[in-house]
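K.L.:
I would like the atomic coordinates for the input below:
(2 chains)
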Protein chains: 2
Amino acid sequence: MNKNTFCYQPIGIIHSEHTDPAKSPIQPCYAEGAMGKVEVFPEYAEGLNDLEGYSHIYLLYHCHRANPAPLMVKPFIQNVKRGLFSTRVPGRPNPIGMSIVRLLERQNNILVIEGVDVLDGTPLLDIKPYSHRIDCVQNTVDGWQGEVDDEIAYAIGSRHKID
Amino acid sequence: MNKNTFCYQPIGIIHSEHTDPAKSPIQPCYAEGAMGKVEVFPEYAEGLNDLEGYSHIYLLYHCHRANPAPLMVKPFIQNVKRGLFSTRVPGRPNPIGMSIVRLLERQNNILVIEGVDVLDGTPLLDIKPYSHRIDCVQNTVDGWQGEVDDEIAYAIGSRHKID
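P.N.:
Okay, here's the model as predicted:
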């Protein structure tokens, strides 16, 4: 194997109510009320200590059901082809997904989470705490996503129909 | 190989002014003015289209110089042992690093970036656009990091001495 290949093994499994990719919310901000659980394998449970002090966490995971996408792709919320790395489309050269979810409770090796946009059974690679100081960047310019109206983005992103 | 092993190949290399881990800023918010370049391998350059509309991007990368850390670890900015997943310590079971950096310019397959806390030569795994709507979560509770005064966190995190 190429020495520049990096191999990772899951540290747990993400459980959610989402089993059909076509019906799943595309981002946590469109998944209000969608509950889930992170099952961290027992050998890593000690590493979850102190996480319960955080209201939000990053989940990094392997998008196990994503098909490879071309380098120019139509994102979910706009009918225009965009460069893949300017989108969050899951089928990437390295299909690492990232979601910021609300952490409600920790029960030993289980995390109860809300605002879940992740498919059931997704292999978990890492957890990082969300910190306002580090992660909430103010006054950003948001490229093509900034062109999409909030209400339209919500309707498409949450898989609700627009009335 | 275990079928639950996920292997990724780098899509590029991150170039920075940081060669000594002990002297590198620990987060982009403590790395103001630190310049760098992302060299995306030419075969992926097309996927960078439309990224130039964004002021900030996430870099996901393999922490190639991190030593494995125990599950309870002292973070950089506090002299208390904490659960590994409640920290950003790079030596993780899957050593995937994540930084939000400012995107200044795209020149074909090169991204000029600022606020760089990444070590020179780090293998790049993925790029995602930073979007206020998705990524800037308001009113978070920030666990043990919230206990550390902003000024102290900056002094330690930027590797400046406290006067």
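K.L.:
how long is stretch A:22-35 end to end?
P.N.:
Taking C-alpha to C-alpha, to the nearest Å, stretch A:22-35 runs 18 Å from one end to the other.
K.L.:
give the buried residues for that stretch.
P.N.:
The neighbour-count check on stretch A:22-35 (16 or more other C-beta atoms under 10 Å in any protein chain shown) flags A:24-31, A:34 as buried. All C-beta spots, glycine's among them, are computed from the backbone N, C-alpha and C.
K.L.:
what about the helices in chain A?
P.N.:
A:132-135, A:150-157 (DSSP state H).
K.L.:
residue ranges with poor pLDDT in chain A?
P.N.:
A:1-2, A:161-163 (pLDDT under 70).
K.L.:
distance from the chain centre to the lengthiest strand in it, please.
P.N.:
Under DSSP state E, the strand in chain A containing the largest number of residues is strand A:96-107. On the basis of C-alpha atoms, centre = their mean, to the nearest Å, the separation between the geometric centre of strand A:96-107 and that of its chain is 9 Å.
K.L.:
what does stretch A:123-142 give?
P.N.:
11 Å.
K.L.:
what does stretch A:90-110 give?
P.N.:
That offset, for stretch A:90-110, works out to 6 Å (C-alpha atoms, centre = their mean).
K.L.:
what is the spatially most central residue of chain A paired to in the beta sheet?
P.N.:
In chain A, the centroid-proximal residue (C-alpha atoms, centre = their mean) is A:Ser99; its distance is 2.6 Å. A:Ser99 forms beta bridges with A:Leu59, as assigned by DSSP bridges.
K.L.:
double-check it against A:Cys29; I have them as touching.
P.N.:
No - applying C-beta atoms under 8 Å as the test, A:Ser99 and A:Cys29 come out as separate, 9.9 Å apart.
K.L.:
sorry, back to before: tell me how far the residue nearest to the centre of chain A lies from B:Gly47.
P.N.:
Counting by C-beta to C-beta, to the nearest Å, the separation of A:Ser99 from B:Gly47 is 21 Å.
K.L.:
distance check, A:Phe85 against B:Gln9.
P.N.:
Counting by C-beta to C-beta, the gap from A:Phe85 to B:Gln9 is 16 Å.
K.L.:
skipping adjacent residues, who's closest to A:Pro95 in space?
P.N.:
Spatially, and ignoring its direct neighbours in sequence, A:Pro95 is nearest to A:Cys63 (4.0 Å; C-beta to C-beta, 6 or more residues apart in numbering or on different chains).
K.L.:
and that neighbour, how far from A:Asn94?
P.N.:
In terms of C-beta to C-beta, A:Cys63 sits 10 Å off from A:Asn94.
K.L.:
next: A:Arg88.
P.N.:
14 Å.
K.L.:
before we move on, back to that, list the contacts of the residue nearest to the centre of chain A.
P.N.:
By C-beta atoms under 8 Å, 6 or more residues apart in numbering or on different chains, the contact set of A:Ser99 is A:27-28, A:58-59, A:61, A:116-118.
K.L.:
repeat for A:Gln78
P.N.:
So A:Gln78 contacts A:144-145, A:147-148 (C-beta under 8 Å, 6+ apart).
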